[in-house]
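[1] quick one, structure for this:
(chains A and B)
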Number of protein chains: 2
Amino acid sequence: MATLANLETYQQRIDTFLKQHLDTLSINDPKLLEAMNYGLLIGGKRMRPFLAYTTAEMLGVELQDVDAIAASLECIHAYSLLHDDLPAMDNDDLRRGQPTCHRKFDEATAILAGDSLQTLAFDILANHPFIDVPANRQVKLIQMLAQASGYQGMCGGQAMDLAATDKCVTLEHLEQIHRLKTGALLESAILMPTLCVADIDPQHITLLKRYSATTGLLYQVHDDIIDITSSEAILGKPAGSDLQANKSTYPALLGLEGAQEKEQELYANSLHALDSLPYNTQNLANFSTFIVQRDH
Amino acid sequence: MATLANLETYQQRIDTFLKQHLDTLSINDPKLLEAMNYGLLIGGKRMRPFLAYTTAEMLGVELQDVDAIAASLECIHAYSLLHDDLPAMDNDDLRRGQPTCHRKFDEATAILAGDSLQTLAFDILANHPFIDVPANRQVKLIQMLAQASGYQGMCGGQAMDLAATDKCVTLEHLEQIHRLKTGALLESAILMPTLCVADIDPQHITLLKRYSATTGLLYQVHDDIIDITSSEAILGKPAGSDLQANKSTYPALLGLEGAQEKEQELYANSLHALDSLPYNTQNLANFSTFIVQRDH
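    So this is what the prediction gives:
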């Protein structure tokens, strides 16, 4: 099993940052604040923060500046889970082995906690005391997060995913769903730190874009695969739930073997994209390996 | 009946801006895009854009710069209506005399359209080609919008409002609910344009803050009153729906007459706040008068 360098350090760092941030909020509505804490702080692999910190360290970016990037990504991710789990969407009762937010609290609170966490993402980016990021690049960070999370990114992807349920979609269509629904935010985790570097070579951004796009897709293909091959105890949610919900997935379209072949191809491509980068890309390469080996 | 100078001009201006913006989005998911259009463009008084344009003209701000402010405010307002109308929240079937978004489409689409419209608000502010607003003040605009719309503003207020249903709350508590739920965004409509002025006197900001806070509350108190005194045909939604939902309102707490007295007091205070401002404040004064005279 590939290990991710500094994973726990980064997890603790972002958890501390997020917790400290939530603790500064005045207690206007205790239930809503508790639901935001629940959605943001209970469990989670912190993959997006991990990618942001890892890429930033590779590029020599101040970690204090990455805190806001990592936190904003995690806020968006957390809000999307709260809303995706709702009865009107995926109707999930469990998330990370715990009751989903609307089961723990109620639907209205889960909706509002999601809404508030989305706002918090932009709030954090706009209010962070950056060391090395001037205002014009701070604006670009906000542009990138908005692009990745809204209609042209994650939200659009979720809508396309829901629309594709019970339908036969093409491979190209499925790829676009994944690229928007989960890929866009994972890509941002890698590309947002590049905005913290004043004089970065555009060619390096192109390569990191290629790596992140490939790896984002790889992440989702693997997610689809373990939904079938893993168990509820390991996943923290019922296995086969995608299949049961008649969701468009790679295994549904290509068969399990075809999906696994696709995964290997993406894995190779993701490593290849790192080859020409003049940085120590070992930790990003390990991330690709980690993805294809993980079982939950 | 007080008329609002340039109301139609501003309405048309913001509608054109919003429509043009939505038209630039690629059609990833036609239904979601249609729902965003429905939520953002069908009806609406455009009060927040009106306030932003009016204040900006008073301060001599470029209207092109205000377009993004007005649009972002309207996106936040529209998203909040889509979510507030949901069955898990206010469960409203009608909005502006039309089916609510989740009735016209479905719940999942209404949730996602709301989510996407929130992102769009920040997207627009971060991507607008401002003429006279440098990046550091663009960041401040984003800060202010986030503050007004998230947990410490509108979302928190909505949660407090839901929590107060079926409960007896104090006048102070009710005022905080209103200040957050609707006041914060109306205040921003007046204060965001001040961020476009490089050398504005802090004392003027203080007075505009006082005007906007008072007027925001006035707006909500009047809203509570007409929910009782107006009819479904005029409101475009069932009259007395707040009362029926056992919501905490000024009339519920103070009686109709008490609420009307409170309204007159706020009205006088809002006009008073404008007295010492060295601008032509006639249009803002008219707005206060318009609020207390409107019947829907």
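[2] thought A:Asp161 was touching A:Gln220?
    No: the criterion here is CB atoms under 8 Å, and A:Asp161 misses it with A:Gln220 at 10.3 Å. The C-beta positions use only the backbone N, C-alpha and C, and glycine is treated the same way.
[3] any shared contact partners between these two?
    Common contact partners of A:Asp161 and A:Gln220 (CB atoms under 8 Å, 6 or more residues apart in numbering or on different chains): A:Lys181.
[4] using CSV, write out every CA atom in the helix or strand containing A:Tyr53.
    Following DSSP states H and E, one finds A:Tyr53 within helix A:47-59. The C-alpha coordinates for helix A:47-59 follow below in CSV (Å, rounded to 0.1, in the frame of the first residue of the first chain):
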residue,chain,number,x,y,z
MET,A,47,-7.7,14.6,-0.1
ARG,A,48,-8.2,18.0,-1.5
PRO,A,49,-6.3,19.7,1.3
PHE,A,50,-3.6,17.0,1.0
LEU,A,51,-3.2,17.7,-2.7
ALA,A,52,-3.1,21.5,-2.2
TYR,A,53,-0.4,21.2,0.6
THR,A,54,1.6,18.6,-1.3
THR,A,55,1.6,20.7,-4.5
ALA,A,56,2.4,23.8,-2.6
GLU,A,57,5.4,22.2,-0.8
MET,A,58,6.6,21.0,-4.2
LEU,A,59,6.4,24.5,-5.6
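[5] for B:Thr170, see how far away A:Phe130 is.
    Distance of A:Phe130 to B:Thr170, computed by CB to CB, to the nearest Å: 41 Å.
[6] tell me the gap between the helix or strand where A:Leu141 lies and the middle of its chain.
    Per DSSP H and E: A:Leu141 is located in helix A:135-149. Counting by CA atoms, centre = their mean, to the nearest Å, helix A:135-149 is centred 16 Å from the centre of its parent chain.
[7] what angle separates the next helix or strand after it from helix A:135-149?
    Downstream of helix A:135-149, the first helix or strand assigned by DSSP H and E is helix A:154-164. Helix A:154-164 runs at 10 degrees relative to helix A:135-149, counting by axes from the mean of the first three to the mean of the last three CA atoms, to 10 degrees.
[8] can you spell out which helices and strands pack onto helix A:154-164?
    helix A:63-84, helix A:171-178, helix A:184-191, helix B:30-41, helix B:107-127 (3 or more CB pairs under 8 Å, 6 or more residues apart in numbering or on different chains; DSSP states H and E).
[9] who does the helix holding A:Leu141 touch, helix- and strand-wise?
    Contact here means 3+ CB pairs under 8 Å, 6+ apart; on that basis helix A:135-149 packs against helix A:63-84, helix A:107-127, helix A:184-191, helix B:107-127, helix B:135-149.
[10] and the average pLDDT for the third one is what?
    This means helix A:184-191. Averaged over helix A:184-191, pLDDT sits at 97.
[11] does any part of it sit near chain B?
    No: remark: helix A:184-191 sits outside contact range of chain B, by CB under 8 Å from any CB of the partner chain, the gap being at least 11.1 Å.
[12] what does that helix contact?
    Contacts to helix A:184-191, defined as CB under 8 Å, 6+ apart, come from residues A:47-52, A:55, A:69-70, A:73, A:76-77, A:144-145, A:147-149, A:153-154, A:157, A:205, A:208-209, A:211-213, A:215-216, A:219, A:284.
[13] got the angle between it and helix A:47-59?
    Calculated by the same axes, to 10 degrees, helix A:184-191 forms an angle of 20 degrees with helix A:47-59.
[14] distance from the helix or strand following helix A:184-191 to the middle of the chain?
    Proceeding N to C from helix A:184-191, the next assigned helix or strand is helix A:202-229, under DSSP H and E. Centre-to-centre, helix A:202-229 and its host chain are 11 Å apart (CA atoms, centre = their mean).
[15] in helix A:202-229, which residues are buried?
    Neighbour counts over helix A:202-229 (16 or more other CB atoms under 10 Å in any protein chain shown) mark A:204, A:207-208, A:211-225, A:227-228 as buried.
[16] with A:Pro99 as the reference, measure out to A:Ile225.
    Taking CB to CB as the measure, A:Ile225 falls 26 Å from A:Pro99.
[17] again but with A:Asp115, I slipped
    Distance of A:Asp115 to A:Pro99, computed by CB to CB: 20 Å.
[18] of these two, which one has the most company?
    Between A:Asp115 and A:Pro99, counting by other CB atoms under 10 Å in any protein chain shown, A:Asp115 is the more crowded of the two (29 against 16).
[19] now do that one, the pLDDT please.
    Each residue has a pLDDT score; the one for A:Asp115 is 98.
[20] also A:Leu235?
    A:Leu235 carries a pLDDT value of 59.
[21] returning to what we had before: A:Phe130 and B:Thr170: who's more crowded?
    When A:Phe130 and B:Thr170 are compared on other CB under 10 Å, the one with more neighbours turns out to be A:Phe130, at 21 against 10.
[22] pretty sure that one contacts A:Leu63?
    No: between A:Phe130 and A:Leu63 there is no contact under CB under 8 Å: 11.8 Å.
[23] just the buried ones from the contacts of helix A:184-191?
    A:47-52, A:55, A:69-70, A:73, A:76-77, A:144-145, A:147-149, A:153-154, A:157, A:208, A:211-213, A:215-216, A:219, A:284.
[24] measure A:Ala268 to A:Thr289 for me?
    Distance of A:Ala268 to A:Thr289, computed by CB to CB: 11 Å.
[25] find the residue closest to A:Met89 in space, skipping its chain neighbours.
    Distances taken as CB to CB, 6 or more residues apart in numbering or on different chains place B:Ala108 nearest to A:Met89, at 5.0 Å, with adjacent residues excluded.
[26] can you count the residues close to the one you found?
    Neighbours of B:Ala108 using other CB under 10 Å come to 24.
[27] contact partners of the helix holding A:Leu141?
    A:68-69, A:72-73, A:76, A:80, A:118, A:121-122, A:125-126, A:128, A:130, A:133, A:153-155, A:184-185, A:187-188, A:191-192, A:195-196, B:119-120, B:122-123, B:125-127, B:134-136, B:138-139, B:142.
[28] what angle do it and helix B:107-127 make?
    Put simply, helix A:135-149 runs at 160 degrees to helix B:107-127, going by the same axes, to 10 degrees.
[29] so which of the helices and strands packed on helix A:154-164 is the most packed in?
    Among those, the stretch with the highest mean neighbour count (mean count of other CB atoms under 10 Å in any protein chain shown) is helix B:107-127, at a mean of 27.
[30] that helix packs against which elements?
    So helix B:107-127, by 3+ CB pairs under 8 Å, 6+ apart, packs with helix A:63-84, helix A:107-127, helix A:135-149, helix A:154-164, helix B:30-41, helix B:63-84, helix B:101-104, helix B:135-149.
[31] on that earlier part again, how big is the angle separating the helix holding A:Leu141 from helix A:63-84?
    30 degrees.
[32] restricting to C-alpha, output helix A:135-149 in PDB.
    Extracted in PDB, the C-alpha atoms of helix A:135-149 (Å, rounded to 0.1, in the frame of the first residue of the first chain):
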ATOM      1  CA  ALA A 135      -4.800  40.900  -4.000                       C
ATOM      2  CA  ASN A 136      -4.800  40.400  -7.800                       C
ATOM      3  CA  ARG A 137      -3.800  36.700  -7.400                       C
ATOM      4  CA  GLN A 138      -6.200  36.300  -4.400                       C
ATOM      5  CA  VAL A 139      -8.900  37.300  -6.800                       C
ATOM      6  CA  LYS A 140      -7.700  34.600  -9.200                       C
ATOM      7  CA  LEU A 141      -7.900  32.000  -6.500                       C
ATOM      8  CA  ILE A 142     -11.500  33.000  -5.900                       C
ATOM      9  CA  GLN A 143     -12.200  32.800  -9.700                       C
ATOM     10  CA  MET A 144     -10.700  29.300  -9.800                       C
ATOM     11  CA  LEU A 145     -12.700  28.100  -6.900                       C
ATOM     12  CA  ALA A 146     -15.900  29.500  -8.300                       C
ATOM     13  CA  GLN A 147     -15.300  28.000 -11.700                       C
ATOM     14  CA  ALA A 148     -14.600  24.600 -10.200                       C
ATOM     15  CA  SER A 149     -17.600  24.500  -7.900                       C
END
